[in-house]
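Asker: pasted the sequence and its predicted model underneath.
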2 protein chains.
Amino acid sequence: MSDKDTAAAANGKKTEIRLAAERRILDAAEKVFAERGFGGASMQQIADRAELPKANLHYYFSTKEALYRQVVERILTIWLDAADSLDVTEDPATALASYIDTKMEVSRKHPAGSKVWAAEVMHGAPVIQVYLETTLREWMAGREYIVRRWIDDGLIVPIEPRYLFYMIWATTQHYADFAHQINVLNDGAPMSDDDWLAAKRDVVAVILRGVGVIPPRVE
Amino acid sequence: MSDKDTAAAANGKKTEIRLAAERRILDAAEKVFAERGFGGASMQQIADRAELPKANLHYYFSTKEALYRQVVERILTIWLDAADSLDVTEDPATALASYIDTKMEVSRKHPAGSKVWAAEVMHGAPVIQVYLETTLREWMAGREYIVRRWIDDGLIVPIEPRYLFYMIWATTQHYADFAHQINVLNDGAPMSDDDWLAAKRDVVAVILRGVGVIPPRVE
DNA sequence: GTCTATAGAATGATAGAC
DNA sequence: GTCTATCATTCTATAGAC
């Protein structure tokens, strides 16, 4: 092995260590921020959850705010992927059913991320303000156009497109953000796989019937 | 004026001062807790917003936690009143439309309270856990019974009652909790009176049509 | 009942040995 | 790259004059 190879291997190892540590810290931070909020979370709690000394966090992330910012930005990519799942080439029933399904799955798989996101918006979006004003605004403008075309074509009833999307966002994210309350009303137990299927089925059914399309057959 | 009257008047005045100060502090605290979360809020910020010296807060509320607790309990009474607005003696269309209307009005008039409530539940309901396990559980049990009767009587389509209520709660509270995001998508301006009317109309229409009842005529 | 000053505890961040 | 020790700041809470 040449010196160059050795150096490359060393650099490679270093990068791997760095990526693994950063990921470990981000995972811990996401959960602690979700449970206690930005102000309620301490670097010590995040370090404990990541099973690392507190000083290590500052080695990888300069400040608490920088760490929070990266947590939020990581969640943003998940959101953007979900936004893409609204396939505008499909008919309204298929497109909306698929979008709702995706959003429900995001709530199920990333409950902590959803809570951090909700708190971020509730507190005035200090980090994602630019995203709201650019990406989200453009996404909404595009989808409003599609929904209005569905209305003009008589495929769904007249409705203000934004209010429809708020309904879908609110309902699907509720299953993550209010999971604690939902669990209490579910006799203290988390929703089972069957519960999730039933919830998705009912949400899709109400929305599709609500906008005037027949729910597609489920095999 | 007798000594007794003087004392009574003094006591009366004292009580008025106390009530006014407590209310002033609670109003300020609700807003600061909503904007920054419990951990992110400081007694100094609340004092500044209430235009009182910080020490006054501790005179009326022993600790920050006690103050937070009273803020949450004050919101709880508003929630309980709104819960009562679901009149089970009415037909499903009227009952649900009236309930949704009430919940939308709560979101409009108490956005800060709604945010505090959402954060409280997201963080595991440290203060309202008992309420969730008693009052809310009983309320839900009673309403599930009514909704199932509506289903059995063929007045609405089959649906798991809880998922219907989650949808109503999520959607109506979204207008308070995500107001910042909604404003951005509304060209940066808060929703006008007409916007609120349109939103309420669309939410009621989708839910009622979604559960299979015809929206009642609006004069 | 009001307010200034301050004690006491917790936190974010860093220095410096390993 | 890891970790202990520590600094500087901020915050909750209270003491005590008015």
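Answerer: Alright, I've got the coordinates.
Asker: domains of chain A?
Answerer: Per automatic domain parsing, the structural domains of chain A span A:1-61, A:75-219.
Asker: could I get those as TSV with mean neighbour count?
Answerer: Placement of C-beta: from N, CA and C, glycine included. Output for these, formatted as TSV (neighbours: other C-beta atoms under 10 Å in any protein chain shown):
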stretch	mean neighbour count
domain A:1-61	15
domain A:75-219	18
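Asker: looking at those domains, which is closest to DNA strand C?
Answerer: domain A:1-61 (3.4 Å; C-beta to the nearest atom of the strand).
Asker: quick one: A:Ala21 from chain B, how far?
Answerer: Relative to chain B, A:Ala21 is positioned 26 Å away (C-beta to the nearest C-beta, to the nearest Å).
Asker: ok, now A:Ala29?
Answerer: On the measure of C-beta to the nearest C-beta, A:Ala29 and chain B end up 14 Å apart.
Asker: what average pLDDT does the helix or strand containing that residue get?
Answerer: Using DSSP states H and E, the element containing A:Ala29 is helix A:3-40. For helix A:3-40, the mean pLDDT works out to 81.
Asker: can you check stretch A:82-102 too?
Answerer: pLDDT averaged over stretch A:82-102 gives 95.
Asker: does it come close to chain B?
Answerer: No. Remark: stretch A:82-102 sits outside contact range of chain B, by C-beta under 8 Å from any C-beta of the partner chain, the gap being at least 11.2 Å.
Asker: start and end of that stretch, how far apart?
Answerer: By C-alpha to C-alpha, to the nearest Å, the extent of stretch A:82-102 from end to end equals 6 Å.
Asker: equivalent analysis for stretch A:52-70, please.
Answerer: Start-to-end, stretch A:52-70 (C-alpha to C-alpha) is 18 Å.
Asker: identify the residues contacting it?
Answerer: A:18, A:21-22, A:24-26, A:29, A:33, A:38, A:41, A:43-44, A:46-47, A:50, A:127 (C-beta atoms under 8 Å, 6 or more residues apart in numbering or on different chains).
Asker: tell me the two of these that are most distant?
Answerer: A:Arg18 and A:Phe38 (24.3 Å; C-beta to C-beta).
Asker: in chain A, which spans are helices?
Answerer: A:3-40, A:43-50, A:54-60, A:64-84, A:92-109, A:111-122, A:129-131, A:137-152, A:161-177, A:179-185, A:193-210 (DSSP state H).
Asker: TSV for the ones you listed, including distance to DNA strand C?
Answerer: Below are the helices of chain A laid out as TSV (distance: least, C-beta to the nearest atom of the strand, whole Å):
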stretch	distance to DNA strand C
helix A:3-40	8
helix A:43-50	4
helix A:54-60	3
helix A:64-84	4
helix A:92-109	27
helix A:111-122	15
helix A:129-131	20
helix A:137-152	31
helix A:161-177	23
helix A:179-185	22
helix A:193-210	35
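Asker: is it possible to export the ones you listed to CSV including distance to B:Met140?
Answerer: What follows is these, written out as CSV (distance: least, C-beta to C-beta, whole Å):
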stretch, distance to B:Met140
helix A:3-40, 25
helix A:43-50, 33
helix A:54-60, 42
helix A:64-84, 29
helix A:92-109, 20
helix A:111-122, 21
helix A:129-131, 36
helix A:137-152, 33
helix A:161-177, 15
helix A:179-185, 5
helix A:193-210, 15
